[in-house]
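Engineer: Turn this into a model:
(chains A and B)
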Amino acid sequence: MRRALLREAPVVLWALALALLVLGPALGAGFLLVRDMVWVPDLALTGDALGLGSGLPRAVPSDAVVAVLDEVVPGALLQKLVLVLTLTAGGVGAGRLVGRDAGLVVRLVAVSVYSWNALVAERLLMGAWPLLVGYAVLPWLLVAARRWRDQDRLPLSLLVLVPLGCLSASAGLATAVAVLAGTAGKGRTGRSILLVAAGNAPWLVAGLLHAGSATSDAGAAQVFALHGEGSVPAPLAALTLGGIWNTLVQPASRTGALGWLALAVLVGLAVVGARSWWRRTPARERTALLVCWAVGWGIAMLTWLAPGLVGLASEHVPGAGVVRDGARALVLCAPLLAVLVAEGVRVLAGKAPERRVARVAVAFGAVLLPIAVLPGLAFGVGHRIQPADYPVAYDRARELVADLPGDVLVLPLSSYRAPEWNHRHLVLDPIGRYLRRDYVASDVLVVDGTPLAGEDPRVEDAARALAEPTPGERAAALGRIGIGAVVTDPTAPGRAPPAVAGRTLLDGADLRVVALDRVDVREVQTSWQVAMAIAWAAFLAPLAIAVGLALRRRRAAGRSRTPPE
Amino acid sequence: MNLLTTFAALFVGGAIAAGSVYGLISSQTAAPANSPTNVNAPAFDYGSNN
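Structural biologist: Okay, here's the model as predicted:
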């Protein structure tokens, strides 16, 4: 036991050190608000979080999970814990994936490759934390699948890992691919399908309930397709886990000579290690990793080669838009890349000179290589993720709308803000989540000045209501679609939204709150509530089964140790 | 030959380690790669393909 701990300690410590280096000053007091990453002090378990809102379930089940957990741990602390644990766990998982019997340097290289790459940098800057949680879970899923195959008994860890890996639609799909690739066959397939269906149930069922609005703007597929990084073409950038559509979050070091160097060195090491890996790895294990890689790279390439086809599917097939951000699928390529690069280092180390000093130098170089080719990932991804404190007005607004009937409309109707109190960094308007009420806010994305249509039909309804000629008529029209309060951010860019009649509860520099007089409170159909209750029960079932089985196995083990009287 | 490979290993390992440290220090002291959003824009760009 002690020996095992000592063997694992360097891997865990290195992964933790890299996580701390990645986040750096971002771990200070306050909330990290960057693009889609919006955390608040106390997220409420609202209808939106449970998948019963009027728009497509974009943050199901992640918001509900956070809403429950932040009852125990304050939101700001929980966010930091999630990020540090995610980045650490992913690295340690990669170390496990190469095998406990692999040498320490080989395992440390796997940690470095998995924890320090373009995908981590770009997704952190996009605020895609549920995807990163899924990314961290992937190697552990593959290790658990290996154990299931070897021991012919369902590992309890898989029952916990699958729901954890399904905190968003994209992460859930990657989790499903990894589980099925790792476990299919010999009577395991049925149980695996049930397990991934349960883990993905909340967003799947919520998506089906919104099937009428679950299609996406066809033009978005072109925008969100896999993209080159500077002079590195998209298919090559994807080989080292880069190629996000948004050039604003591509690290500068990926777009120039260092991008090419990263490609040459990492792919070179992977090629060196490939033959040996093929020879040393059981066929079933190879299949699992290769299927994951092929699906990930294939989806990413499809968005690059045929964005029109992906757009067509997004427009006509509900839910197909999940794959339009092609580079997200590259999470599935990371396990094989880490394993092959680590194996490449093992092969080269075998040819290194016998002198100890030379071997140490090679080991240092190999472990630090991912950092050398992507230094911009350090310190809160180059100081672009900085902690911030919400204005006091946010607390006041939350108190004021707490007991009002109906939902909240957030104005102006633009999705993103760059408030001064958030260091002018771009973030999805956080006020809706802060208020602990269901809310309607714009979900239109603007890319290079071109708006991409949103998916919540109530936003259109609200825009029509705001187009009424007088404040009184606007208030009446908003009331008819279930809006009970209007919260306006006067600091947001663009034209000031039109006035709405009602009681002004707050009129400050940061927020204005107006309560409407008449509201037809939006009712959620009972059938939707039943469907989502079943979906949430399915999501929680693997966790409950894991606890039950763990207790049973423990009791059985205790009985077997008790000597007969 | 053995001396040569030892020297090469030391050079490569040392260069990567030095490059990592230099890169980290540079990224710590450099200004952010992208300046914060243009606050005068009518609506903020979520991202860019350019």
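
Engineer: Can you pull the poorly scored residue ranges out of chain A?
Structural biologist: Chain A contains residues with pLDDT under 70 at A:1, A:213-215, A:562-565.

Engineer: same check, this time on chain B
Structural biologist: B:1, B:31-42.

Engineer: Contacts only, for the residue nearest the centre of it.
Structural biologist: Centroid check for chain B by Cα atoms, centre = their mean gives B:Gly23 as the closest residue, at 4.9 Å. Neighbour list for B:Gly23: A:Ser253, A:Ile371, A:Ala372, A:Pro375, A:Gly376 [criterion: Cβ atoms under 8 Å, 6 or more residues apart in numbering or on different chains]. C-beta: built from backbone N, CA, C; applies to glycine.

Engineer: what's the helix or strand for it?
Structural biologist: Taking DSSP states H and E as the definition, one finds B:Gly23 inside helix B:2-29.

Engineer: do A:Arg359 as well
Structural biologist: Using DSSP H and E, A:Arg359 falls in helix A:356-373.

Engineer: can you list contacts of that helix?
Structural biologist: Here helix A:356-373 has contacts from A:14, A:105, A:108-109, A:112-113, A:115-117, A:253, A:258, A:261-262, A:265-266, A:345, A:348-349, A:352-353, A:377-378, B:5-6, B:9-10, B:12-17, B:19-20, B:23-24, using Cβ under 8 Å, 6+ apart.

Engineer: send the alpha carbons of it over as CSV?
Structural biologist: C-alpha atoms of helix A:356-373 as CSV (Å, rounded to 0.1, in the frame of the first residue of the first chain):
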residue,chain,number,x,y,z
ARG,A,356,23.4,9.0,-15.5
VAL,A,357,23.8,12.7,-16.2
ALA,A,358,22.8,12.2,-19.8
ARG,A,359,19.8,10.1,-18.9
VAL,A,360,18.6,12.7,-16.4
ALA,A,361,19.0,15.5,-19.0
VAL,A,362,16.9,13.5,-21.5
ALA,A,363,14.3,12.8,-18.8
PHE,A,364,14.0,16.5,-17.9
GLY,A,365,13.8,17.4,-21.6
ALA,A,366,11.1,14.9,-22.3
VAL,A,367,8.9,15.8,-19.3
LEU,A,368,9.2,19.6,-20.0
LEU,A,369,8.8,19.3,-23.8
PRO,A,370,5.0,20.1,-23.9
ILE,A,371,5.7,23.3,-21.8
ALA,A,372,8.6,24.4,-24.0
VAL,A,373,6.4,24.4,-27.1
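
Engineer: So what angle separates the directions of that helix and helix B:2-29?
Structural biologist: 30 degrees (axes from the mean of the first three to the mean of the last three Cα atoms, to 10 degrees).

Engineer: can you give me the offset of helix A:356-373 from its chain's centre?
Structural biologist: On the basis of Cα atoms, centre = their mean, to the nearest Å, helix A:356-373 sits 31 Å off its chain's mean C-alpha point.

Engineer: Kindly report the same for stretch A:164-181.
Structural biologist: 11 Å.

Engineer: before we move on, what about stretch A:338-358?
Structural biologist: With Cα atoms, centre = their mean, you get 34 Å for stretch A:338-358.

Engineer: follow-up on the earlier one: can you mark which positions in the helix holding B:Gly23 are buried?
Structural biologist: For helix B:2-29, the neighbour count (16 or more other Cβ atoms under 10 Å in any protein chain shown) marks B:Thr6, B:Ala9, B:Leu10, B:Val12, B:Gly13, B:Ile16, B:Ala17, B:Gly19, B:Ser20, B:Gly23, B:Leu24, B:Ser27 as buried.

Engineer: With stretch A:178-188 instead?
Structural biologist: Buried residues in stretch A:178-188 (16+ other Cβ under 10 Å): A:Ala178, A:Val179, A:Leu180, A:Ala181, A:Gly182, A:Thr183, A:Ala184, A:Arg188.
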